[in-house]
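Student: give me the fold of what follows.
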Amino acid sequence: PEGGSNAAAVRGCRALGAELRGRADVVAIACGTGGTLAGLAAGLGAGQRALGVPVLRGGFLAGEIRRLQEEAFGGRRGQWSLDERFHFGGYGRTAPELDAFAEDFEERHGVRVERLYVAKLLYGLVELAREGGLGRGVDVAAVLTA
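Tutor: Just a heads-up that it's a prediction; the model follows:
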C-alpha cells in the first residue's frame, strides 16, 4: 500500500522501538502514513513515548495509526501522540521559514537535512523545546527515516 503501511509493516517496525528501549524518554519521528510510528510505539518500553510529526495535513493520522495498531496487534500499543502543527502546508510543501531552518542546521552541524520529512521533524522538536512542550530534563531521540 501507499507508504508501506499495513499490519506486517507495523509489526516489523516494532523492532525499531525495541532497539530504542531505555535510550530516550521521547522518541520522535516524522509521519507520512503512520505505519512506522504505530510499530515504533508498540516496541518502546514502559515510561517511553513516541511523538509523531505528520508531514501531511488533514488531521486524519491518529485514526489511521489506531486502525493500523488494531490490525497488527488487536488494539492500541504503547504511548504515542501527534503534533500536527509542523506540516508546512502538507506533503511536498516547504516554506521559507523551514528552508532557512534547514540551511542553518546544515551549516551549524554539517549534516544535510532532507526537507519533506526530516526538516519538519527537527523544526518541530526545536519549537517544542522552546515552548517547554517536551519537559525539562527529557531525553529525546529523533528517528530519521528519509
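Student: regarding the spatially most distant residue from the centre of the chain, what is its secondary structure?
Tutor: The C-alpha centroid of the chain is most remote from Glu107, which lies 23.5 Å away (CA atoms, centre = their mean). In three-state terms, and counting by DSSP: H, G, I helix; E, B strand; the rest coil, Glu107 is helix.
Student: do Gly52 as well
Tutor: strand.
Student: wait, doesn't it sit right on Cys31?
Tutor: Yes: counting by CB atoms under 8 Å, Gly52 sits close enough to Cys31 to count as a contact (4.2 Å). From N, CA and C alone the C-beta is placed, and that goes for glycine too.
Student: on that earlier part again, and the gap between the residue farthest from the centre of the chain and Val113?
Tutor: 10 Å (CB to CB, to the nearest Å).
Student: circling back to that earlier point, what is in contact with Gly52 and Cys31 at once?
Tutor: Counting by CB atoms under 8 Å, 6 or more residues apart in numbering, the residues touching both Gly52 and Cys31 are 37, 61, 82.
Student: how about the nearest residue to the last one, chain neighbours excluded?
Tutor: So the one you mean is Leu82. Gly52 (4.6 Å; CB to CB, 6 or more residues apart in numbering).
Student: how many other residues sit next to the one you found?
Tutor: 27 (other CB atoms under 10 Å).
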